[in-house]
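Trainee: Quick one: sequence and predicted model below, then my questions.
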Amino acid sequence: MREDDLRATFDALHAKGTPARPFEAADIIREGGRQRRAHRTWAVIGTGLATAAAVVAALLLLPSAPAPEPVLPADPPTPSSSFTVPPTPTAPPAPNSSQVVPSGTPPGSHPAPNTTAPQQPPTSIPATF
C-alpha cells in the first residue's frame with residue numbers, strides 16, 4: 001500500500017506544475033553586486049579608521065622630545081677681543097753651525113737630498129696577449 005500512496009502523491013504534485021520563481025537571475029546578480037560594494041566600502045572605512053587609530057596611539061604613547069630653545073643670532077665681535085692674525089711664513093732659516101755637514105761639501109752648502117729615480121708601476125695587463 002505504501003507504494004500506491006507515494007505514486008498518488010507524486011502524481012498530484014506533478015499535476016500542479018512548477019511553482020513560480022520569486023526572483024530572477026538578474027535580480028540575484030544585481031543584489032550580489034550591491035552587497036559586494038557595501039562590503040568594500042566598509043572595508044575601506046575600517047582600514048582608514050584602524051590606520052588613524054594606530055597613528056594617534058603612536059603619537060600618544062611615544063615620548064615627546066622637549067621643545068628646542070630658540071637659536072639667537074651671534075653677537076658681533078667686540079673690538080677688545082684677543083684675536084690675532086698668525087704671522088706669514090718667511091724664508092727658511094739658515095743652517096747653524098751645530099748641524100752636521102758631511103765631509104767633502106763646502107761650508108754653507110746643503111747636502112743633496114737622498115732621492116732615487118721612481119720605479120715603473122707594475123702593469124696589470126701583460127704586454128703580450
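Mentor: All right, it came through fine.
Trainee: Can you name the helix or strand that residue 73 falls in?
Mentor: Remark: residue 73 resides in no helix or strand, with elements defined by DSSP states H and E.
Trainee: Just the pLDDT for it.
Mentor: Residue 73 carries a pLDDT score of 86 in this model.
Trainee: Where does residue 63 sit: helix, strand or coil?
Mentor: Residue 63 falls in the coil class when you classify it by DSSP: H, G, I helix; E, B strand; the rest coil.
Trainee: That one: neighbour count?
Mentor: 5 (other CB atoms under 10 Å). (Glycine included, C-beta is placed from N, CA and C.)
Trainee: worst-scoring helix or strand of this protein, pLDDT-wise?
Mentor: Lowest by mean pLDDT, DSSP states H and E among the helices and strands of the chain is helix 2-16, with a mean of 86.
Trainee: which secondary structure elements does that one contact?
Mentor: The helices and strands touching helix 2-16, judged by 3 or more CB pairs under 8 Å, 6 or more residues apart in numbering; DSSP states H and E, number zero.
Trainee: got a list of contacts for that helix?
Mentor: If you take CB atoms under 8 Å, 6 or more residues apart in numbering as the criterion, helix 2-16 is touched by no other residue.
Trainee: how about it: buried residues?
Mentor: When burial is assessed from 16 or more other CB atoms under 10 Å, helix 2-16 yields no buried residues.
Trainee: Could you check stretch 62-79 and say which residues are buried?
Mentor: For stretch 62-79, burial by neighbour count (16+ other CB under 10 Å) applies to no residue.
Trainee: Show the end-to-end separation of stretch 12-31, please.
Mentor: The straight-line separation of the ends of stretch 12-31 (CA to CA, to the nearest Å) is 35 Å.
Trainee: Could you measure from residue 56 over to residue 35?
Mentor: Distance of residue 56 to residue 35, given as CB to CB, to the nearest Å: 32 Å.
Trainee: what about stretch 14-22, start to end distance?
Mentor: By CA to CA, one end of stretch 14-22 lies 20 Å from the other end.
Trainee: whoops, I mixed them up, stretch 56-74
Mentor: Across stretch 56-74, the terminal residues are separated by 39 Å (CA to CA).
Trainee: what's the answer for stretch 13-20, then?
Mentor: 14 Å.
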